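Chemist: Below is the sequence, then the predicted model.
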Amino acid sequence: MYDISFPTSEEMEQLRTLSTYFRFRDSDLIRPEFTALDEEFTEISTWARILAQRLKELNFSYIMASFYYQKNIPDEPYYDNLSNKYFPHFNEQQQWSNKAGFEYYSEVLLFKAFSALDTIAHIVSINYGIKMRKVSFNKNLIKKLQEIDPLRSNRLNTIIESDRFIEFKKLRNDSTHNISPGQIDSGITKYPNGLVVSSIGNYTPASKRYLTMTSLKDTVFEIVEIIKLN
């Protein structure tokens, strides 16, 4: 069991500066033709409250991941050919604890970020009367929005088609459904012709994932600004 440390009150105050400040009212997300008597008004108000909570949780998971990342995770290089050893520079238990804390909050951040995006999808679909079998922040939603609000749709499409967003989705899918990039995989590759190649396991260093996480956090807040109506 890892002996994981937590930020002191002084450290937490400093970490708070890494979070993204946001502020919106329900009216910023609700089309003006909806009044308090409309069910759309009530639905969007509910989703707006949920969005605010998920954005707070996104910020919190980011500053906690930052805390452990800044503590020291010596995972580069992650493999030493001479000793045939993974993580050769991990010499202290605290370093393993830092990695454990970082891995945990990194995956929480991915979950909260994409939960926030799906919450945004609900707000957009209700605002514009978009019918979807399953509401999700995806190309289908943005394509349907193109017919109603092309300017906003184009801005969202630029993001969702970008290399960075494709990387976000891959990181999230691998963390959820496959082997997390923060874990070393088997190193075994199987080809369609039956060839099997074994090598050292693949691993993505914390530094690269931290940059991706930072970009993901910033992108979610960018999307919030795009969907605001006021």
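Modeler: Structure's in. What do you need?
Chemist: Is residue 3 located within a helix, as I assumed?
Modeler: No. Applying DSSP: H, G, I helix; E, B strand; the rest coil, one finds residue 3 to be coil, outside a helix.
Chemist: And for the nearest residue to it once chain neighbours are set aside, the neighbour number?
Modeler: Nearest residue to residue 3, sequence neighbours excluded (Cβ to Cβ, 6 or more residues apart in numbering): residue 97, at 5.7 Å. C-beta: built from backbone N, CA, C; applies to glycine. By the measure other Cβ atoms under 10 Å, the count of residues near residue 97 is 18.
Chemist: Please state the backbone phi and psi of residue 97?
Modeler: Residue 97 adopts backbone torsions of phi -70, psi -40, taken as degrees, to the nearest 10.
Chemist: Could you double-check that it sits in contact with residue 6?
Modeler: No. At 10.8 Å, residue 97 and residue 6 do not qualify as touching, with contact defined as Cβ atoms under 8 Å.
Chemist: Tell me which residues of stretch 154-162 come out buried.
Modeler: Buried residues in stretch 154-162, defined by neighbour count with 16 or more other Cβ atoms under 10 Å: 155-157, 160.
Chemist: ok so, going back, show the pLDDT at the residue nearest to residue 3.
Modeler: Looking at residue 97, its pLDDT is 94.
Chemist: Next, find the distance separating it from residue 67.
Modeler: 12 Å (Cβ to Cβ, to the nearest Å).
Chemist: cool, residue 185 as well?
Modeler: 27 Å.
Chemist: quick one: which of the two has more around it?
Modeler: Neighbour totals were compared for residue 185 and residue 67, and residue 67 leads with 21 against 15 (other Cβ under 10 Å).
Chemist: The closest residue in space to the more buried one that isn't next to it in sequence: helix or strand, and which one exactly?
Modeler: Here the nearest residue to residue 67 in space, its sequence neighbours aside, is residue 7; by Cβ to Cβ, 6+ apart that works out to 5.2 Å. Residue 7 is part of no helix or strand when elements are defined by DSSP states H and E.
Chemist: and residue 7, how many neighbours?
Modeler: 17.
Chemist: how about it, what does it touch?
Modeler: Counting by Cβ atoms under 8 Å, 6 or more residues apart in numbering, residue 7 makes contact with 15, 64, 67.
Chemist: Surely residue 210 is in contact with residue 70?
Modeler: No. Under the criterion of Cβ under 8 Å, residue 210 makes no contact with residue 70, lying 9.4 Å away.
Chemist: The two: who's more crowded?
Modeler: Comparing residue 210 with residue 70 by other Cβ under 10 Å, the one with more neighbours is residue 210, at 19 against 15.
Chemist: Who are the contact partners of the more buried one?
Modeler: 65-66, 69.
Chemist: For this structure, which segments are assigned as strands?
Modeler: For the chain, the strands defined by DSSP state E occupy 79-80, 85-86, 188-190, 196-198.
Chemist: Mind listing what's buried along the third one?
Modeler: If I follow you right, that is strand 188-190. For strand 188-190, a neighbour-count test (16+ other Cβ under 10 Å) marks nothing as buried.
Chemist: what's next to it, contact-wise?
Modeler: Against strand 188-190 from outside (Cβ under 8 Å, 6+ apart): 196-199.
Chemist: between the residues you listed, which is closest to residue 76?
Modeler: residue 199 (18.2 Å; Cβ to Cβ).
Chemist: Find the nearest non-adjacent residue to the closest one, please.
Modeler: That would be residue 187: by Cβ to Cβ, 6+ apart, it lies 4.7 Å from residue 199.
Chemist: Thank you, goodbye.
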